[in-house]
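In: here is a sequence together with a model predicted from it:
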Amino acid sequence: MKLHTRMQTAQQSHTASPIVLVHGLFGSLDNLGVLARELVTDFDIVQVDMRNHGLSPRSDEMNYPAMAQDLLDTLDELSIDKATLIGHSMGGKAVMAATRIAPERIDKLVAIDIAPADYKVRRHDEIFAAINAVTEAGATTRQEAAALMRQHIPEDGIIQFLLKSFAAGEWRFNVPALWDQYPHIVGWDTVPAWDHPALFIRGGNSPYVDESHRDALLAQFPQARAHVIAGAGHWVHAEKPQAVVRAIRRYLEA
């Protein structure tokens with residue numbers, strides 16, 4: 001499946017592989033825009049809407065082999081032989097899954113605040129409830145939607161993040177498919193070892209990556225190195241963008 005993309009050409013001449021930026025659950029290609037704006041000085045940038053998100057095609061299937069294949073199909077469509085893949089949360093798992101089916105096409109890999117693990121927890125039921133409340137009420141404006149969502153979600157930042165995908169009274173993600181396939185989204189099938197340097201960035205306050213994931217992570221990515229950004233949570237790239245960019249640049253230039 002070819003994904004909807006936004007492409008930007010590097011502002012300076014270079015020989016580096018293009019960077020593909022991959023958002024997380026309930027997101028869109030705009031979500032990693034802060035990284036795109038910083039990295040486009042030296043790298044060609046491809047931002048994608050994942051399946052069932054944004055303007056990309058819809059599907060009843062939502063698992064990591066399928067999402068990884070989408071990324072590779074999109075690279076084929078863009079005539080990109082090899083790329084650096086950077087993904088946040090669900091997008092981080094998607095780029096890790098790509099190492100199983102086309103390891104030779106990945107130059108470098110960055111996973112932001114996610115581990116290659118089956119989390120076995122439901123962290124998004126309040127978000128689903130809020131989204132469904134907006135749909136059931138027939139809200140047409142973001143102001144109406146926000147008022148309804150506050151009955152389910154106390155954090156205004158999360159509401160504003162979700163509303164980026166609300167337009168003309170419609171959600172730009174396939175809510176039924178995401179709900180139905182949620183066990184696959186939080187789950188994980190172990191991938192063979194990808195024995196190349198990889199960078200795992202996590203927020204110091206985030207529950208998504210901790211010491212309990214270390215052995216499984218190193219078994220699948222034996223040359224991985226971790227970078228912890230203090231004072232940040234799961235949306236570390238939004239909370240501490242310059243720290244994330246510095247860590248990514250150090251890794252890409254090593």
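Out: Thanks, I have the structure now. Computed from a predicted structure; not experimentally measured. Numbers count the residues shown, from 1 in each chain.

In: give me the contact list for stretch 123-143.
Out: Applying CB atoms under 8 Å, 6 or more residues apart in numbering, the contact partners of stretch 123-143 are 25-26, 144-145, 148-149, 151-153, 158-159, 162-163, 166, 168-169, 171, 175, 178-179, 182, 186. Backbone N, C-alpha and C define where each C-beta goes, glycine included.

In: tell me the mean pLDDT for it?
Out: Averaged across stretch 123-143, pLDDT comes to 96.

In: so, low pLDDT: which residues of the stretch 51-200 of the chain?
Out: Along the stretch 51-200 of the chain, no part satisfies pLDDT under 70.

In: let's see it at 90
Out: 168 (pLDDT under 90).

In: all helices of it, in order?
Out: 64-77, 90-101, 125-137, 142-149, 156-163, 175-180, 182-186 (DSSP state H, counting those that start in this stretch).

In: now do the third one against helix 142-149, angle only.
Out: Helix 125-137 runs at 130 degrees relative to helix 142-149, counting by axes from the mean of the first three to the mean of the last three CA atoms, to 10 degrees.

In: Val228 is nearest to which of the helices of the stretch 51-200 of the chain?
Out: Val228 lies closest to helix 90-101 among those, at 15.3 Å (CB to CB).

In: list buried residues within the contacts of stretch 123-143.
Out: 25-26, 145, 148-149, 152-153, 158-159, 162-163, 166, 171, 178, 182, 186 (16 or more other CB atoms under 10 Å).

In: how does this protein divide into domains?
Out: 5-119+187-253, 124-173 (the TED database).

In: which of those domains sits most buried?
Out: domain 5-119+187-253 (a mean of 19; mean count of other CB atoms under 10 Å).

In: can you give me how far it is from the chain middle?
Out: Here domain 5-119+187-253 is found 6 Å from its chain centre; the criterion is CA atoms, centre = their mean, to the nearest Å.

In: same question for stretch 122-130.
Out: That offset, for stretch 122-130, works out to 18 Å (CA atoms, centre = their mean).

In: what's the closest non-adjacent residue to Thr80?
Out: Careful, residue 80 is Ile; it's not Thr. Closest residue to Ile80 apart from its sequence neighbours, by CB to CB, 6 or more residues apart in numbering: Pro18 at 5.6 Å.

In: could you tell me the per-residue confidence at that neighbour?
Out: 97.

In: and what of the one 3 residues further on?
Out: For Leu21, the model assigns a pLDDT of 98.

In: contacts only, for the closest residue in space to it that isn't next to it in sequence.
Out: Leaving aside its sequence neighbours, Leu21 sits nearest to Leu32 (CB to CB, 6+ apart; 4.1 Å). By CB under 8 Å, 6+ apart, the contact set of Leu32 is 21-23, 47, 86, 88, 237.

In: among these, which ones are in strands?
Out: Among the contacts of Leu32, DSSP state E puts 21-22, 47, 86, 88 in strands.

In: report the two of those residues separated the most.
Out: Between any two of the ones in strands among the contacts of Leu32, the greatest separation by CB to CB is 11.8 Å, found for Gln47 and His88.

In: surely Leu72 is in contact with Arg105?
Out: Yes: using CB atoms under 8 Å, Leu72 is in contact with Arg105, at 6.8 Å.

In: many thanks, we can stop here.
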